[in-house]
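Colleague: Structure for this input, please:
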Amino acid sequence: MTNEDMKSLQYGDRVFKVEGFNLISYRYVGLMPSNERYLIFSFGEKLEWLYISYHQGFTGEWFMGEFDEVFEANFFIAKHQAAIDSIKARLATK
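Modeller: All right, here's what the predicted structure looks like:
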C-alpha cells in the first residue's frame, strides 16, 4: 500500500499487516486527533497506530482487500522460501 492508499481509508476498512510470519487483520478506526499523520487501527480490543512521515512513508508491509486461503498460503510460502534462501546463502559463505 502507498501513503495515498493509507490516507484514503474509510472507517471500518480492513487492512492486513505482516508481523514476522503472521498476517494480522486490522480495521481502520480513524486519524489521531492531535496529529493527522497518525492512523489508528483496531484488532479486537487492541489498538495499533501507524505514523506516515512526510519523506519516508510508513514502515512495515501492509495490504488492503479480502484475501482467501490460497493467497495467504502462497504469501507465506514465499516468505519462508526467502528465509530459507537467506540461510542457505549464509551457510554457503562459511
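Colleague: Tell me which residues of the strand ranked longest in the chain come out buried.
Modeller: Counting by DSSP state E, the longest strand found in the chain is strand 22-32. Judged by neighbour count (16 or more other C-beta atoms under 10 Å), strand 22-32 contains these buried residues: 23, 26, 28-29. Yep, even glycine has a C-beta here, placed from its N, CA and C like the rest.
Colleague: ok, then the element right after it?
Modeller: Using DSSP states H and E, the helix or strand that follows strand 22-32 in sequence is strand 35-43.
Colleague: hmm, back to that, just the buried residues of strand 22-32 now: which is nearest residue 87?
Modeller: The closest of the buried residues of strand 22-32 to residue 87 turns out to be residue 23 (C-beta to C-beta; 21.8 Å).
Colleague: check contacts around that closest one.
Modeller: 16-17, 63, 67, 72, 75-76 (C-beta atoms under 8 Å, 6 or more residues apart in numbering).
Colleague: neighbour-wise, which of those leads?
Modeller: Ranked by neighbour count (other C-beta atoms under 10 Å), the contacts of residue 23 have residue 16 at the top, with 20 neighbours.
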